[in-house]
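Peer 1: model the structure of this input:
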Amino acid sequence: MINLIIADDHKIHLEGLAALLSKPENIEVIDTATTGVETISSLEYKLPDILILDLNMPKKDGFWVLEQVRKRWPNQKVLVMSSYKESSIVEQAKVSGANGYILKTSDTSVLLDAIQAIYLGGEYFLKSKGSDLSILSSNKEISNEFSDVFLKKYSLSEREAEILVMMANSLSTDQIATKLFLSAHTISTHRKNIKRKLRLENLADLIRFAFENDLL
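Peer 2: Residues are numbered from 1 along each chain as shown. Here you go, the predicted model:
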């Protein structure tokens, strides 16, 4: 079970995020806070696996919270979830001790990937590509990058390609579901679609395909 505390001064976003993260069976939101001071008070009472932290909060902002966390609980994992897109702010958050940084407009899959990456000891940060922002994760198991040519050639989605690699590493349906915060039924459907698209009969064929395409 991954325990979370969420800190955000916008109550609608806070409540929506808490409700969203209550759905996966292996995630539990143990507390929420709406100010920097409340966040520190919450951490004094119970330390979560991950603190999801907004930067723009009253009564001490998120950067103040990061500073206090690093002084008092140096091993506490923090995922910043902010509206600020500027690469300088992302870098400032990283230097201040954040383990990850995503936008409030990010898809649910990005949020869950970030939580998983940080929980497993990795990082999950936005990186700048010109004027655009994309995700850079230090957890290679989660952040496999697949070329557009490869995906289009085999009509695979990025999620299917990610599951393909996990299948080639002999992970079971339940193990993949746990890692990706998805249901076993969803993973089973993906597995069937992958085998159908690639015309693979068994695990040996799948592993051979993965090696031939430099996925392992």
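
Peer 1: now do the helices in the protein.
Peer 2: Assigned by DSSP state H, the chain shows helices spanning 11-20, 36-45, 62-72, 87-95, 108-119, 148-154, 158-168, 173-180, 184-198, 203-212.

Peer 1: between those, which one is closest to residue 102.
Peer 2: helix 108-119 (5.2 Å; C-beta to C-beta). Every C-beta, even on glycine, is put in place using the N, C-alpha and C of the backbone.

Peer 1: so who does the closest residue to residue 96 other than its chain neighbours touch?
Peer 2: By the measure of C-beta to C-beta, 6 or more residues apart in numbering, the closest residue to residue 96 outside its immediate chain neighbours is residue 66, 4.2 Å from it. Contacts for residue 66 (C-beta atoms under 8 Å, 6 or more residues apart in numbering) come out as 53, 78, 80, 93, 96, 97, 98.

Peer 1: follow-up on the earlier one: got CSV for the helices of the chain, with distance to residue 26 and mean pLDDT too?
Peer 2: Formatted as CSV, the helices of the chain follow (distance: least, C-beta to C-beta, whole Å; pLDDT from 0 to 100):
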stretch, distance to residue 26, mean pLDDT
helix 11-20, 14, 88
helix 36-45, 21, 94
helix 62-72, 24, 94
helix 87-95, 26, 86
helix 108-119, 10, 87
helix 148-154, 28, 84
helix 158-168, 17, 87
helix 173-180, 6, 83
helix 184-198, 13, 90
helix 203-212, 26, 84
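
Peer 1: for residue 2, give the beta-bridge partners.
Peer 2: residue 27 (DSSP bridges).

Peer 1: residue 95 is in contact with residue 63, correct?
Peer 2: No. Assessed by C-beta atoms under 8 Å, residue 63 is found out of contact with residue 95, at 10.1 Å.

Peer 1: and the residue most central in space within the chain, how close does it get to residue 96?
Peer 2: Nearest to the mean C-alpha position of the chain, by C-alpha atoms, centre = their mean, lies residue 114 at 1.5 Å. Between residue 114 and residue 96 the computed distance is 17 Å (C-beta to C-beta, to the nearest Å).

Peer 1: related to what we said a few turns ago, burial of the spatially closest residue to the residue nearest to the centre of the chain that is not a sequence neighbour, as a residue count?
Peer 2: With C-beta to C-beta, 6+ apart as the criterion, residue 114 has its nearest non-adjacent residue at 4.0 Å, and that residue is residue 124. The number of residues packed near residue 124 is 26, by other C-beta atoms under 10 Å.
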